[in-house]
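A.B. asks: Predicted coordinates and the sequence they were generated for:
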Amino acid sequence: MTDAFLSIGEKKFRAQQVFEWIYRKDVYDFSKMTNLSKDLQAKLSDNYSTDLLEIVEKQVSRDGTTKYLLQLEDGGYIETVLMIHPYGKSLCVTSQLGCNMGCKFCASGLLKKQRNLTAAEMVQQVLTVQHDQNERVTHVVIMGTGEPFDNYDHVMNFIYIINAAKGLAIGARHITLSTCGLVPKIYDFANEGIQVNLAISLHASNDEIRNELMPINKSYPMDVLRTAIKDYIEKTNRRVTLEYILLKDVNDDVTNARQLAHYLRGLNVYVNLIPYNAVNEHGFKKSPASRIEAFKDELIRLRINCTLRKEHGGDIDGACGQLRAKKERRL
């Protein structure tokens, strides 16, 4: 922004003024930025846009979870989800328009990737929700539609913008990036030197199951992924989260729990067990509560740190990509 202001013959401190209006004061209309001259306001209006995204649809769950269907400037539709936790308000951000990873249980992959989102479009998701809620987003998870590491540069720019002290100032430890396992980018991410949390979508206890559920495993099998996780932990001294969706009669018995514990032994990780939000097109079923508890108890017995994710938005189109897919089918 400093470079942009210098390029139009303005002082560089103007960049900080506009930055603060947008990120600190939630003001997007240049004419309301009162410490700017009328001439500069007009110049900015003629050359730049600070529009938020259009809210096409909003679903609010009984538990306070709010799912937004947003429209991009080119007409594409994306989702973002606000979840309420005791520790704050967490926003699940989308990084791509569609997804090519092809995970068999996931609604995001129902519509193939059309393009990457820009860093600006990811920032717009946060600002749009904050403006609508009139409250600050305290945590961000990049777990919406798309594979963040398949859009690495834009995602990293987004992270640095929302983390900036003069921007949204969302602490790095309050930001989580989730990948299905693009191994080369895990090594790149380890070298970023930022304390953002890394989550890896594992969802299987062995290669046979993971090959069936997640095509990425054929390129980067579990042993290769484990080596990358180990390197990341050694380089960053940070714990990694392993996401594990429990699918009835697929990956949810006690034997799977034992295989998973063996795979993770010696790594500084914890397992986030996730009850499945059923997607009609895929046919997978949610594991019964008794099997989920047995799986969790076995991991704990084998000294694997694990938690059971609280379910959010079960009474709305809770799974990633469901609302967008419904909208696209209606068009």
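C.D. replies: That came in fine, so what should we check first? Numbering: from 1, shown residues only.

A.B. asks: Can you give me the buried ones in the longest strand seen in the chain?
C.D. replies: For the chain, the strand with the greatest residue count under DSSP state E is strand 77-85. Using 16 or more other CB atoms under 10 Å as the test for burial, strand 77-85 gives 77-83. C-beta: built from backbone N, CA, C; applies to glycine.

A.B. asks: quick one, what contacts residue 174?
C.D. replies: 88, 138-140 (CB atoms under 8 Å, 6 or more residues apart in numbering).

A.B. asks: try residue 28
C.D. replies: 22, 50-52, 127, 131.

A.B. asks: separation between residue 201 and residue 24?
C.D. replies: As defined by CB to CB, to the nearest Å, residue 201 lies at a distance of 34 Å from residue 24.

A.B. asks: Can you check the pLDDT for the residue sitting nearest the centre point of the chain?
C.D. replies: The residue lying closest to the centre of the chain (CA atoms, centre = their mean) is residue 142, at 1.6 Å. Looking at residue 142, its pLDDT stands at 98.

A.B. asks: pretty sure it contacts residue 148?
C.D. replies: Yes: Residue 142 is in contact with residue 148 according to CB atoms under 8 Å; the separation is 4.8 Å.

A.B. asks: which neighbours do these two share?
C.D. replies: 95, 155, 177-178.

A.B. asks: that's a helix at residue 298, yeah?
C.D. replies: Yes: counting by DSSP: H, G, I helix; E, B strand; the rest coil, residue 298 is located in a helix.

A.B. asks: Using PDB, write out the CA atom coordinates for stretch 195-206.
C.D. replies: Provided in PDB are the C-alpha atoms of stretch 195-206 (Å, rounded to 0.1, in the frame of the first residue of the first chain):
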ATOM      1  CA  GLN A 195       4.100 -19.800  14.600                       C
ATOM      2  CA  VAL A 196       0.900 -20.600  12.700                       C
ATOM      3  CA  ASN A 197      -0.600 -24.000  13.700                       C
ATOM      4  CA  LEU A 198      -0.400 -26.800  11.200                       C
ATOM      5  CA  ALA A 199      -3.200 -29.400  10.900                       C
ATOM      6  CA  ILE A 200      -3.000 -32.400   8.700                       C
ATOM      7  CA  SER A 201      -6.100 -34.200   7.400                       C
ATOM      8  CA  LEU A 202      -5.100 -37.900   8.000                       C
ATOM      9  CA  HIS A 203      -8.500 -39.700   8.300                       C
ATOM     10  CA  ALA A 204      -7.000 -43.200   8.000                       C
ATOM     11  CA  SER A 205      -4.800 -45.500  10.000                       C
ATOM     12  CA  ASN A 206      -3.100 -47.300   7.000                       C
END
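
A.B. asks: buried residues in it?
C.D. replies: Across stretch 195-206, burial judged by 16+ other CB under 10 Å covers 196-205.

A.B. asks: Thanks a lot, catch you later.
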